[in-house]
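Enquirer: give me a 3D structure for the following:
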Amino acid sequence: MIKRINLLLLLTVMLLTNVYAGNYKTESNLISKDLKAKLESKLLEAQLGTEYFVIVPPNDPTAGTYMCEVYVGAREPCTVYIDQPNGVGLIDAVQITKPYSIIKKGLPRNWEIRGKDEEPEDLALKIWSDKPIMVYLGSHASATAEGYMALPVNALGTRYVHCSWKSNQESASNDRFHTGFIVGATQSGTKVQVKLRGKNLSAASGCVTDGNAHKIGSTFTLPVMDEWQAINVWDELMEVSNTRGKCDFSGSTITSNKPIAMFSIHERTDIPLTTGNRDNLVEQLLPVNMWGKKHISLQLRCTGATPKPVGNEVLDPDLKVGDYFRVVAAEASTNLNVKWWHTKTGELIKELKNQKLDAEGSFWEWNENISQPRQAGILSVQGVALFESDKPVQVMQYCFSTGYGQEGGNFDPLMVIVPPIEQYGYETIMQTSSYTAMNEHYINIIAEGDASDPIKNEETLGKVTISTMGGNYAKLVEKDESILKNNVPGTNYYFSGLTVSGATTYAIKSKTKVAATVFGFGNVISYGWPASMALVETSEKDTLFPQIHQVSGCVPTIDNIPVGGAEDRGKQKGKYHFFTYFADTTNYPAPDQFADPQVDLGISYAPRLVIPDDIKDEERELLDNLSVS
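Expert: Numbers count the residues shown, from 1 in each chain. Sure thing, here's the model as predicted:
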């Protein structure tokens, strides 16, 4: 009860305080360049959380040697709790004893979310800790594997656009290889609405949801979910003997009254269809309010692969046929420009201007003419690519099946979000798969340099450092000197591709913005997931860097201690203590004195407070002595 009152008091005080909006500006002009840099660095650390909603995604139910693992790491020692709130309860409590080390926990196959009736399931997991943690999940079976990076609960949103791949049901009697999505609730009374879409499909296509036969073009509401429940929505085709490739719900919009977790999934597929080497697909999606307008991708790669030309076609051995992409729009009349260049020569390979995404949920794909067998000259996005749009979009990168456009090597379908530049940060943390059959592991890194000044560029990129398993940080340029010349033309961004080890945690710290993607391959298996991101709101901002709002006010005290968890200003005495914080939004939730909990600091609708670790005493003194009008 005391905690409830304290949180309500703090929230009420914050609602009544004077807020100075703007990009690091106040009337008193007290924020120096040095303090501004500290605030930027603090805000753009990797956004780890203390609570995660995790599902075991559906993989091919007939594949043998199944192994699903959740990987949890932390910056500092902590206790990790793995719980199934509506099922078996607390599963395990595990100690992380060394910074940046990983604990892993096997999960059984019968916890997969794969219900066919579109009803809530009680199999979701709650993973939480007393300190910030990162969470990844890998699902593995014979010749089919994938994984995803979990988002912290306070980064979940209320609007998503689904993006996966075409149904791969090989016959009407073969009830597997479905495509679809899974939504999960962390709060009771969660209501979810779906606008079901399918590119070039109509209500008469016969493509419907498996549970309640909802047709393309329909809008429907899922059953109300309790906390830590999930609902699976996947495809079915009515009265058609061969369903392969006919269903794809990509572009469907999913909205809710409370923040939800959203997973795009595919049981198992080849890309393109009928290639013959299939894999599982899964990715936890960013909410629309965290999308961006600028994305950079680096082509996926494996060892031992050689080009597989058609007829007299000549394929570049470094590029082969490239990767498949989908770019999804959340708003109508979105314009997209795409360019890609050779990673070694910097030569422009292709430029596509004014690609129109006319409607909400529409998506651009390249190459849209991929098929098996591949036709001569049909190539996808190769090398390093730049995607620029006038409205926020979601960019998804896919790997082709083994044998499509290349021979030899380990290569197989995977699906991974391309981090928007708006989510780049000064720190990123990542984990590679520990599955023993996954014998190749890679990290693609994009970092901001200075293309106009070679000396400054070397200095800036020289401050990008990487650590393995919590060890000493080493300069990235010492591991890959080529990053200094690997410029994405027309930008200040540079790229690096590292070969790394499995079952390993990597951390990158930098004085410049950076992002990374982790992926790997085994014998006809693969996985891919993004590294941790800044996870800042972008939906109401026109800049590529989040605004900081200064929040100032007075907090009541009890026995001279500020209530509600506010920082105790040691020198201040009396019934109230003055405070100044910095936050990435001022959109606070309205307090409800009858609801519990009183404060839910989900980043999509409440502030992330920013307090630099290394703030100087004189800087803090200035902030402590600001006056409030």
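Enquirer: CA only for contacts and neighbour counts going forward, please
Expert: Will do.
Enquirer: so how far is stretch 226-240 from its chain's centroid?
Expert: 22 Å (Cα atoms, centre = their mean, to the nearest Å).
Enquirer: and that stretch, what's buried?
Expert: 226-237 (16 or more other Cα atoms under 10 Å).
Enquirer: ok, which pair from the residues you listed is furthest apart?
Expert: Glu227 and Leu237 (31.4 Å; Cα to Cα).
Enquirer: how much space between the residue lying closest to Val70 once chain neighbours are set aside and Tyr71?
Expert: Take Val70 and drop its neighbours on the chain: the residue closest to it by Cα to Cα, 6 or more residues apart in numbering is Leu137, 4.3 Å away. Look at Leu137 and Tyr71: by Cα to Cα, to the nearest Å, they are 6 Å apart.
Enquirer: so between these two, which is more surrounded?
Expert: Legend: neighbour count by other Cα atoms under 10 Å for Leu137 and Tyr71, higher for Leu137 (26 against 21).
Enquirer: and that one, how far from Pro489?
Expert: Going from Leu137 to Pro489 by Cα to Cα gives 35 Å.
Enquirer: mind listing the helices for this structure?
Expert: Ranges of helices within the chain are 2-16, 33-43, 454-461, 476-479, 617-624, based on DSSP state H.
Enquirer: check contacts around the closest residue to Asn86 other than its chain neighbours.
Expert: In this structure, Asn86 finds its nearest non-sequential neighbour in Asp122, 5.2 Å apart by Cα to Cα, 6+ apart. Neighbouring residues of Asp122 by Cα atoms under 8 Å, 6 or more residues apart in numbering: 85-87, 228-230.
Enquirer: and which of the residues you listed is nearest Phe495?
Expert: Ala230 (37.8 Å).
Enquirer: and Glu45, what's its pLDDT?
Expert: Looking at Glu45, its pLDDT stands at 65.
Enquirer: can you check Arg75 too?
Expert: Looking at Arg75, the pLDDT reads 88.
Enquirer: then Glu40?
Expert: For Glu40, the model assigns a pLDDT of 58.
Enquirer: confidence-wise, which of the helices of the chain is weakest overall?
Expert: Note on the helices of the chain: lowest mean pLDDT is at helix 2-16, with a mean of 34.
Enquirer: run through this protein and note the low-pLDDT ranges.
Expert: Applying pLDDT under 70 to the chain flags residues 1-46, 171-172, 239-243, 539-629.
Enquirer: distance of the residue positioned nearest the centre of the chain relative to His162?
Expert: Central residue of the chain (Cα atoms, centre = their mean): Leu286, 5.2 Å from the mean position. To His162, Leu286 is 10 Å away according to Cα to Cα.
Enquirer: just grab the bridge partners of Glu112 for me.
Expert: When bridges are called by DSSP bridges, Glu112 pairs up with Val56.
Enquirer: pull out the buried residues from stretch 298-313.
Expert: Buried-residue list, stretch 298-313, by 16+ other Cα under 10 Å: 298-302, 305-309.
Enquirer: tell me the bridge partners for the residue lying closest to Thr179 once chain neighbours are set aside.
Expert: With Cα to Cα, 6+ apart as the criterion, Thr179 has its nearest non-adjacent residue at 4.3 Å, and that residue is His266. Listed beta-bridge partners, His266: Thr179, Leu281 (assigned using DSSP bridges).
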